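Colleague: sequence first, then the predicted structure, then my questions.
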Amino acid sequence: MFKNLMNRRFLFEELVKRDFKKKYKRTVLGMVWSILSPLLTLLVMRLVFTQFFGRTMEHYTTYLFCGNLVFSYFNESTSQGMVSLMGNAGIFTKVNIPKYLFLFSKNIQTLINFGLTLCVFVVFCFLDQIVFTWKVILLIYPIVCLVLFNVGVGLILSALFVFFRDIQYLWTVFTQLLMYMSAIFYTIDQYDYTTQCLFLVNPVYLFIRYFRKIVIEATIPTLWFHLLMLTDVVIVLSIGCWMYKKYNTRFLYYV
Amino acid sequence: MSVLQLEQVSIRYMTGDFKDIGLKEYVMRRLKRNYQVTEFWADRDITFALEKGDMLGIIGTNGAGKSTLLKAVSGIMEPTRGVVRREGSIAALLELASGFDGDLTVRENTYLRGAMLGYTRKFMDETYSQIIRFAELEEFQDRPFRQLSSGMKSRLAFSIASLVQPDLLILDEVLSVGDGAFRSKSAAKMKEIIQGGATTILVSHSIGQIREMCNKVLWLHKGEQICFTSEVDSICNLYEKFLGKGNIREIKQILGGGGKSNGFAT
């Protein structure tokens, strides 16, 4: 598969370019909007939860931003990845090319978006008087895991979407639920131990938690926490790859 | 050694409930045991082989399974049963004008299509101006693709695709592209490729074209192989007769046997 990818580098580059141009071509704000949009979400959430719900927690803005940063990347990457294969049906029914390229190129685009938001995040941390230690380097681990996790979920969803078009609506509902379960704007300290453990089942929460541990608390999560994340990634990626392998030549019967 | 060999190739489409019903409905119907799927064989037991330099014409009415067969030959589809054996590189020019992106410019689309066909960036840089010149689209290079007329679109598609020098070339109704002037230009280009030694498969509704260019002919009817032979002229005559009258049984009788006559097979 990897060698195949190298052979198709030109095609991959062109697909990435295409996705990029299509996204930003007709908007005046262009890429600025990609930064502005998460900031506005953050602003709204901060306003609501500090003014109306009276949360007074140290570094609450950073706490919120960690959650939003991870979750919005996950949300964008998976929901756009889902339609990436179907959206290119006109191409893969005519030319024999590796189908995962469409998803990968979409993922590159959302990853760049994530990178931009990450820069803004760092600026906000400074404004929030967060002191960075050398441990910040460790953030590479959750980021790599998150990217792979998103690719895996994207593979599964985009394959399913070919067969079941209503996945799109179900997924919107599911991500909504996931957002409320990921402790983005609340803390889980108030729950008993068992409930707290249940949160660990949610992979998105793991990524958010990792970010918060490093940035706000400046502590390194335990080894088994790392392993738990890795397990999630491996499971999702394997299912995704398996689906693509199995249905690779069957997709076009369904479009 | 054959360049292309098909053995008992059958392709099945599934039709029925699974399409467009969505996951919720799928689960409901499964639970109610109300889930129905019907098979549809687009091609059944197609067997033929081509040698280097052969030019095969595929004839048959709409829905005969021609395009589906070409998809199996080019590797886009895997046959449900049977084997397709290929030697060397392959270029399939199927339904040319589709698959472009209306939002991108002509230039961007040209590169994207080139990439899809497996060209390298260097090759595209070198031949880009040549492609545009051949397609006669010099003034439109930076226009959005959707502003082009359909004739222009297929002209561009043909110009990009005709750069290939494959061992096996598949043409699905591509020789009838553009206006009269371009048509003769594209036909000349096509001949050039074919004379370069490529094995070619041509699908055309123009019997004249088949007669003129092909040395072998495959006749499909509703997914069934009526015949595969090198006696192009006599089969073309029969086909024209069939188009006039439309009685396939009579044709089968003339050809002898139950229909799957391979009497002239190589």
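Modeller: Yes, it's here. Numbering: from 1, shown residues only, chains lettered A, B, ... in the order given.
Colleague: switch to C-alpha atoms for all contacts and neighbour counts from now on
Modeller: Will do.
Colleague: can you list contacts of the helix or strand where B:R85 lies?
Modeller: Secondary structure from DSSP states H and E places B:R85 in strand B:81-86. Residues outside strand B:81-86 that contact it (Cα atoms under 8 Å, 6 or more residues apart in numbering or on different chains): B:3-11, B:45, B:72-73.
Colleague: export those to TSV and append columns for distance to A:S84, pLDDT and secondary structure.
Modeller: Output for the contacts of strand B:81-86, formatted as TSV (distance: Cα to Cα, whole Å; pLDDT from 0 to 100; DSSP: H, G, I helix; E, B strand; the rest coil):
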residue	distance to A:S84	pLDDT	secondary structure
B:V3	35	82	coil
B:L4	34	87	strand
B:Q5	35	88	strand
B:L6	33	89	strand
B:E7	35	89	strand
B:Q8	35	89	strand
B:V9	31	89	strand
B:S10	30	90	strand
B:I11	27	88	strand
B:D45	35	90	strand
B:A72	24	87	helix
B:V73	26	88	helix
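Colleague: mind checking which of the residues you listed are buried?
Modeller: Buried members of the contacts of strand B:81-86, scored by 16 or more other Cα atoms under 10 Å in any protein chain shown, are B:3-6, B:8-11, B:45, B:72-73.
Colleague: give me the spatial nearest neighbour of the closest residue to chain B within the stretch 51-200 of chain A, chain neighbours excluded.
Modeller: Relative to chain B, the nearest point of the stretch 51-200 of chain A is A:F164 (4.3 Å; Cα to the nearest Cα). Sequence neighbours aside, B:G22 is the residue nearest to A:F164 in space, at 4.3 Å (criterion: Cα to Cα, 6 or more residues apart in numbering or on different chains).
Colleague: can you count the residues close to A:V233?
Modeller: Number of residues near A:V233 (other Cα atoms under 10 Å in any protein chain shown) recorded here: 22.
Colleague: give me the distance from the helix or strand hosting it to the chain's centre.
Modeller: A:V233 belongs to helix A:223-247 when assigned by DSSP H and E. Chain-centre distance of helix A:223-247: 15 Å, with Cα atoms, centre = their mean, to the nearest Å.
Colleague: hmm, the next helix or strand after it touching chain B?
Modeller: Remark: after helix A:223-247, the chain's next helix or strand is helix A:251-254, criterion DSSP H and E. Yes. Under the criterion of Cα under 8 Å from any Cα of the partner chain, chain B is reached by helix A:251-254 at A:252-254.
Colleague: circling back: next, the buried residues of the helix holding A:V233.
Modeller: Buried-residue list, helix A:223-247, by 16+ other Cα under 10 Å: A:226, A:229-230, A:232-234, A:236-237, A:240-241, A:243-244.
Colleague: please apply the same query to stretch B:73-85.
Modeller: For stretch B:73-85, by 16+ other Cα under 10 Å, it's B:73-79, B:82-84.
Colleague: closest one of these to A:G90?
Modeller: B:I76 (12.4 Å; Cα to Cα).
Colleague: the closest one contacts A:T249, correct?
Modeller: Yes. Using Cα atoms under 8 Å, B:I76 is in contact with A:T249, at 7.1 Å.
Colleague: which bits of the stretch 151-255 of chain A sit near chain B?
Modeller: A:163-167, A:249-250, A:252-254.
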